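Enquirer: Fold the following, please.
(one chain, ligands or ions: 1)
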Amino acid sequence: MAQAVKPIETIGVLTSGGDAPGMNAAIRAVTRKALKNGMKVMGIDKGYQGLLAKEIRELTAKEVSDSIQRGGTILKTARSEEFRTEAGRKKAAGILGELGIDAIVVIGGDGSYRGALGLSHEGIGVVGLPGTIDLDIACTEYTIGFDTAVNTAMEAIDKIRDTSSSHERCSRVEVMGRAAGYIALWCGIASGAEEILLPERYDYNEQEIINHIIETRKLGKTHFLLVNAEGIGHSVSMARRIEAATGMETRATILGYMQRGGSPTCKDRVYASIMGAYAADLLHKGIINRVVGYQKGEFTDFDIDEALAMQKTIPDYYVEVATALAR
Ligand code: F6P
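Expert: Residues are numbered from 1 along each chain as shown. Below is the predicted model:
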């Protein structure tokens, strides 16, 4: 386990990549627990981009109040091209050194973790917190924002289902997730979708979907709900092809950014708070270059290098259950 060479007195915290509900709970917990541990906390605005632009200010306990219930991130977020370069990371490490920031907590997805790893190579201690609605970080069964996102998407799908059923239509609903199908799988099961398309599994056999729609109509079902992950793509054109092949009116809805906003659920607030406090405690103990995760009912931490090398797959049994319940 990597140990800081000198006691960590000042830490920075930033959010990076796509925002996720619960990030504010994590920022608040990092800040307040670090202050309790006797450390000074600097908030870095707009992710690595803001770090390079020195958009950095001290955070007090008061500064993070009235934030736990808010969606988005009070520190703002960005994706930075400059930080992807070695020169950018050296510059960032120089700025942190200049400001006396010994270590930073990075709240974001695995792209943000890769940035943090690069920064650790420049001598800055880092701790990563999994902040993404996509649930696609291998070392953890929970990511900050996923629970809120799936609940938001599920409610939207329930509404689409009402109108789809009234009009006896086929609805194709695209949910977020980048290349991962976790949001689609959860929303598909939760909303009783007849078909769920996951990038990890889908073989682009459209005829099979068309046959499934025709079969369910023969069985007396008058509407059909298909949930697909954005990683599959082509939602609108596929809806047109389904309509042409089945004769069933078909509409595509892309849920988009509404899934990333909104007030975090209780689970996201609580888990993000525990993870934030955990990060502050690791740094207080001088433990650096870790990422915090949740596995088998426990909060835990991993070496950042090892965490990035881990692989994650959609659980087979979830897919088996989803398929069995949809027919
Ligand atoms: O990683 C979260 C996420 O919302 C993905 O589901 C989506 O593919 C991506 O971010 C969109 O990113 P951007 O906001 O940069 O377009």
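Enquirer: Test my guess that Thr300 contacts Leu282.
Expert: No: using C-beta atoms under 8 Å as the test, Thr300 is too far from Leu282 to be in contact (11.0 Å). Bear in mind the C-beta positions are built from the backbone N, C-alpha and C, glycine included.
Enquirer: for the ligand, what are the nearby residues on the stretch 1-150 of the chain?
Expert: The stretch 1-150 of the chain has residues 18, 109, 132-134 near the ligand, with proximity defined as C-beta under 6 Å from any ligand atom.
Enquirer: buried stuff in the helix or strand where Tyr294 lies?
Expert: Element membership for Tyr294, per DSSP states H and E: strand 290-295. Residues of strand 290-295 classed as buried: 290-294 (neighbour count, 16 or more other C-beta atoms under 10 Å).
Enquirer: related to what we said a few turns ago, between the residues of the stretch 1-150 of the chain next to the ligand, which sits nearest the ligand?
Expert: Taking C-beta to the nearest ligand atom as the measure, the ligand sits nearest to Gly18 out of these, at 3.3 Å.
Enquirer: how about that closest one, what does it touch?
Expert: Gly18 is in contact with 77, 109, 132-134, 260, counting by C-beta atoms under 8 Å, 6 or more residues apart in numbering.
Enquirer: Widest-spaced pair of the residues you listed?
Expert: For the contacts of Gly18, the farthest-apart pair by C-beta to C-beta is Thr77 and Asp134; their separation is 14.5 Å.
Enquirer: Give the next helix or strand downstream of the helix or strand harbouring Asn151.
Expert: Using DSSP H and E, the element containing Asn151 is helix 146-167. With elements assigned by DSSP H and E, the helix or strand that comes after helix 146-167 is strand 170-175.
Enquirer: Sheet partners, orientation included, of that next one?
Expert: strand 224-229 (parallel), strand 250-254 (parallel) (DSSP bridges).
Enquirer: Check which element follows the shortest one along the chain.
Expert: Read in the C-terminal direction, the helix or strand following strand 250-254 is helix 266-284, with elements assigned using DSSP H and E.
Enquirer: And the longest one, by the same measure?
Expert: Following strand 224-229 in sequence order, the next helix or strand is helix 235-246 (DSSP H and E).
Enquirer: Would you mark the buried spots in that next one?
Expert: For helix 235-246, the neighbour count (16+ other C-beta under 10 Å) marks 235, 238-239, 242-243, 245-246 as buried.
Enquirer: cool, and stretch 296-310?
Expert: For stretch 296-310, the buried set under the neighbour-count rule, 16+ other C-beta under 10 Å, comprises 301-302, 304, 307-308.
Enquirer: and if you look at stretch 171-179?
Expert: Buried-residue list, stretch 171-179, by 16+ other C-beta under 10 Å: 171-178.
Enquirer: just stretch 319-327 next, same as before
Expert: Those would be 319, 322, 326, for stretch 319-327 by 16+ other C-beta under 10 Å.
Enquirer: Tabulate the buried residues of helix 235-246 in CSV, adding columns for distance to Ile209.
Expert: Output for the buried residues of helix 235-246, formatted as CSV (distance: C-beta to C-beta, whole Å):
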residue, distance to Ile209
Ser235, 12
Met238, 8
Ala239, 11
Ile242, 7
Glu243, 12
Ala245, 9
Thr246, 9
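Enquirer: so which of the buried residues of stretch 171-179 comes closest to Thr253?
Expert: If you rank the buried residues of stretch 171-179 by distance to Thr253 using C-beta to C-beta, Val173 comes first, at 5.0 Å.
Enquirer: Pick out the residue closest to the middle of this protein.
Expert: Central residue of the chain (C-alpha atoms, centre = their mean): Thr132, 1.4 Å from the mean position.
Enquirer: Now that residue: closest residue in space, sequence neighbours ignored.
Expert: Spatial nearest neighbour of Thr132, chain neighbours left out: Gly109 (3.8 Å); criterion: C-beta to C-beta, 6 or more residues apart in numbering.
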